[in-house]
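S.K.: below are the sequence and a predicted model for it; my questions follow.
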Amino acid sequence: MSDGARPASDPTGETVELADPTARRVEVITAGHLADEAGARRGLSDASALVRSAAIGALARMKALGTQEVVDALADPSPTVRRRAGTEAAGVGGRGSRSVLVTALIAALDDPDPLVVESAAWSLGERRSVRAVGRLAEVARSHGDTRCREACVAALGAVGAAEALPAILDALSDKPTVRRRAAVALAAFDGPDVEAALQRCAHDHDWQVREVAEILLDPPTR
């Protein structure tokens, strides 16, 4: 990491020191809007976690964020940076994005910060990663934080693989927010087990679970 201050150019062309992390963060965000890739990349090694996080976002904005930057950011000491990396990973393509990046996202499901786990699960769902189903199912069943279980259930529904269904059915016995996600996730599946589960959801204590079940059991006709 740098010592915090680093050089930049003012409108007159003179070099100035941006000692204020807020100013450096604004500079990196601006670089993202101006497609200044070099300016955005400078923020990746900044002393401030907020600047590093902004750099990830800036590179993502200009479609210049690669697998290695995300993998490195998922190992950052700051959960702020790891969360941003987990979220932006959804849109990363190119070399290593289907192998190395997915492996890193699966590993992030073990992160001590629940919001990192949540963001990694979301990206795995957006990427339709069948390889992640086993670990997503384990976290959906066992994580101590409701948000993490909910995110993993949603990801399993987004993936839609047959092997994801058992964990989604198990989630119908969880807390209301998780049950709602599980009910929605059932839209990706069919069969007698799914039909029976939706019938049970139609009598759930939570009105939102019942509403989802009613819609899926009797979809509107055009």
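M.R.: Thanks, I have it. Residues are numbered from 1 along each chain as shown.

S.K.: most centrally placed residue in the chain?
M.R.: Within the chain, one residue has its C-alpha closest to the average C-alpha position: by C-alpha atoms, centre = their mean, that is residue 119, at 2.6 Å.

S.K.: next, it: secondary structure please.
M.R.: Secondary structure assignment for residue 119 (DSSP: H, G, I helix; E, B strand; the rest coil): helix.

S.K.: ditto for residue 116
M.R.: Reduced to three states with three-state DSSP, the structure at residue 116 is helix.

S.K.: so what's the residue count around it?
M.R.: Here the number of neighbours of residue 116 (other C-beta atoms under 10 Å) works out to 25. Backbone N, C-alpha and C define where each C-beta goes, glycine included.

S.K.: just checking, it touches residue 80?
M.R.: No. Under the criterion of C-beta atoms under 8 Å, residue 116 lies out of contact with residue 80, with a separation of 9.5 Å.

S.K.: state the distance from residue 54 to residue 205.
M.R.: Using C-beta to C-beta, to the nearest Å, we find residue 54 at a distance of 43 Å from residue 205.

S.K.: just residue 57 next, same as before
M.R.: Residue 57 sits 40 Å away from residue 205, taking C-beta to C-beta as the criterion.

S.K.: more neighbours: which of these two?
M.R.: For residue 57 versus residue 205, neighbours defined as other C-beta under 10 Å are more numerous around residue 57 (18 against 8).

S.K.: what about the more buried one, which helix or strand?
M.R.: Following DSSP states H and E, the helix or strand that holds residue 57 is helix 49-61.

S.K.: again, but for residue 85
M.R.: Using DSSP H and E, the secondary-structure element containing residue 85 is helix 79-88.

S.K.: what domains does the record give for this structure?
M.R.: 1-64, 128-222 (automatic domain parsing).

S.K.: doesn't residue 153 make contact with residue 181?
M.R.: Yes. Under the criterion of C-beta under 8 Å, residue 181 lies in contact with residue 153, with a separation of 4.5 Å.
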